[in-house]
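Undergrad: the following block contains a protein sequence and its predicted model.
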Amino acid sequence: MQVAVRASTKREVPAWWWGAKRGIDVVVGTLILIVASPIIAFAAIGIVIVTGGAPFYAQERVGQNGRRFKMYKLRTMVCNAHELRDQFMHLNEVDGPVFKIRKDPRLHPLGACLRSSSVDELPNLINVIRGDISLVGPRPALPAEVEHYDSFAERRLAVPQGITCLWQINGRSEVSFEEWMRLDNQYVDTWSPLGDVTIILRTIPAVLKRDGAH
């Protein structure tokens, strides 16, 4: 299923770039998933022990060209978090059609640690291997957020969405929505296979420093 997305200017790139991008996703994504599997398993067990609920959840997101898919993550919030959103909307700390709270009251005891370390996003690698998203690309948005996009923001959907991108390595949640969209559009206009590898390498220190992770 797709959301309605207005036409946007698409950048022409060499055909082999797309093959290289997919190759990087499959090879690097699989290797990282293998290495990260013990961490995911340990975190999942911890979530079950602490919350008594399911350790994973699948949330509907919007991919390239508006295609919807289920994105997998480790659960960082209480089971009924979606029902509590309106109750805490007044605590929203970001502008634009996005809802983020630095110390979200809906987080379970392990949630803040999993988020700040980005461990909760490791199951996203399953989506990378499946081809739902890429390792590098704009972060997949919620359908409710995309409904409020203007044509400038919608351009971010012209490329595969991803786990990390320029936004991730330039402050993440510390930047404004406008700057976030500018960085995503910059990626749309400048991406290349070598550029993707550079972003992946720059993501490592950004994650270790926990820049803007909340």
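TA: On my side now, so go ahead. Numbering: from 1, shown residues only.
Undergrad: touching, Gln186 and Trp167? I think so.
TA: No: under the contact definition of Cβ atoms under 8 Å, Gln186 does not touch Trp167, with a separation of 9.7 Å. No exception for glycine: its C-beta is placed from N, CA and C like everyone else's.
Undergrad: which of these two has more neighbours?
TA: Neighbour count, other Cβ atoms under 10 Å: between Gln186 and Trp167, Trp167 has more, with 22 against 14.
Undergrad: so how many other residues sit close to Trp16?
TA: Under the criterion other Cβ under 10 Å, the count of neighbours that Trp16 has is 10.
Undergrad: give me the buried positions along stretch 106-116.
TA: 106-108, 110-112, 114-115 (16 or more other Cβ atoms under 10 Å).
Undergrad: likewise stretch 66-83?
TA: Of all the residues in stretch 66-83, those buried under the rule 16+ other Cβ under 10 Å are 66, 68-69, 71-78, 81.
Undergrad: let's see that stretch as CSV, backbone CA atoms only.
TA: Included here for stretch 66-83 are C-alpha records, laid out as CSV according to Å, rounded to 0.1, in the frame of the first residue of the first chain:
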residue,chain,number,x,y,z
GLY,A,66,5.4,6.3,-0.6
ARG,A,67,5.4,2.5,-0.3
ARG,A,68,4.3,1.4,3.1
PHE,A,69,6.1,-1.4,5.0
LYS,A,70,6.6,-2.8,8.5
MET,A,71,9.8,-1.7,10.2
TYR,A,72,11.2,-4.0,12.9
LYS,A,73,12.6,-2.6,16.2
LEU,A,74,13.3,-3.6,19.7
ARG,A,75,10.4,-2.3,21.9
THR,A,76,11.5,0.6,24.0
MET,A,77,8.1,1.8,25.3
VAL,A,78,5.3,0.3,27.4
CYS,A,79,2.8,-1.8,25.4
ASN,A,80,0.1,0.8,25.2
ALA,A,81,2.4,3.7,24.2
HIS,A,82,0.4,4.6,21.1
GLU,A,83,-2.7,5.1,23.3
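Undergrad: for the residue most central in space within the chain, give me its contacts.
TA: The residue at the geometric middle of the chain, judged as the C-alpha nearest the mean C-alpha position with Cα atoms, centre = their mean, is Arg139 (3.8 Å). When contacts are counted by Cβ atoms under 8 Å, 6 or more residues apart in numbering, Arg139 touches 161-163, 165, 167-168.
Undergrad: which one's the longest helix in the chain?
TA: Longest helix in the chain, counting residues (DSSP state H): helix 15-51.
Undergrad: counting by contacts, list what it packs against.
TA: Based on contacts counted as 3 or more Cβ pairs under 8 Å, 6 or more residues apart in numbering; DSSP states H and E, the elements that helix 15-51 packs against are strand 68-74, helix 124-130, strand 134-136, helix 193-209.
Undergrad: nearest to Lys100, of these?
TA: With Cβ to Cβ as the measure, strand 68-74 is the member of these nearest Lys100 (15.0 Å).
Undergrad: how far does that closest one sit from its chain's centre?
TA: Shown here is strand 68-74, whose average C-alpha point lies 10 Å from the average C-alpha point of the whole chain (Cα atoms, centre = their mean, to the nearest Å).
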